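> the sequence and its predicted three-dimensional model are supplied below.
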Amino acid sequence: MLKRFSISLEEQLLERFDAYISEHGYVNRSEAVRDLIRKEFVGAEWEQDGEVAGVITLVFNHHQALLQEKITEIQHDYYTLITSTTHVHMDHDNCLEVIIVKGQASLIRELAEKMIALRGVKNGNLTMTSTGHHLH
């Protein structure tokens, strides 16, 4: 069930918000506000160390000695968090690994940090999301 409410904003803030809506392709202000509220709730789930989901992305040099073995070993240490892993050979030297995770927020952060910190990892990122249970 949808409920209506109104908010008051300074003109400059509303202009910036309307520009944000346009840049991000929202159809209307309501959908943009809903998404911003959901993002805050997802952030709260992570801060409260709840059951969350996420994606860890790694770009690394596969020529780095023992790097792939270290990545695999860390993943085995946290296997209960890992739902799926995809490994892509980007070119002769570089690989992309995408790891979909679900579990306790602090453990997912720990897993991501351990892999991202490995020598030879050129770029790493943890994208945090929700399991969706608390987002209605």
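Nice, thanks for sending it over.

> ranges for the helices of this structure?
Here the chain has its helices, by DSSP state H, at 11-24, 29-47, 67-77, 105-116.

> what's in contact with stretch 119-133?
38, 41-43, 45-46, 51-61, 64, 67, 94, 102, 105, 108-109, 112, 115-116 (Cβ atoms under 8 Å, 6 or more residues apart in numbering). To be clear about C-beta, it is placed using only N, CA and C from the backbone, and glycine gets the same treatment.

> pull out the buried residues from those.
Buried subset of the contacts of stretch 119-133 (neighbour count, 16 or more other Cβ atoms under 10 Å): 38, 42, 45-46, 52-56, 58, 60, 67, 102, 105, 108-109, 112, 115-116.

> list the buried residues in stretch 2-17.
Buried residues in stretch 2-17 (16+ other Cβ under 10 Å): none.

> correction: the previous question concerned stretch 76-94.
Within stretch 76-94, the residues that count as buried by 16+ other Cβ under 10 Å are 78, 81, 82.
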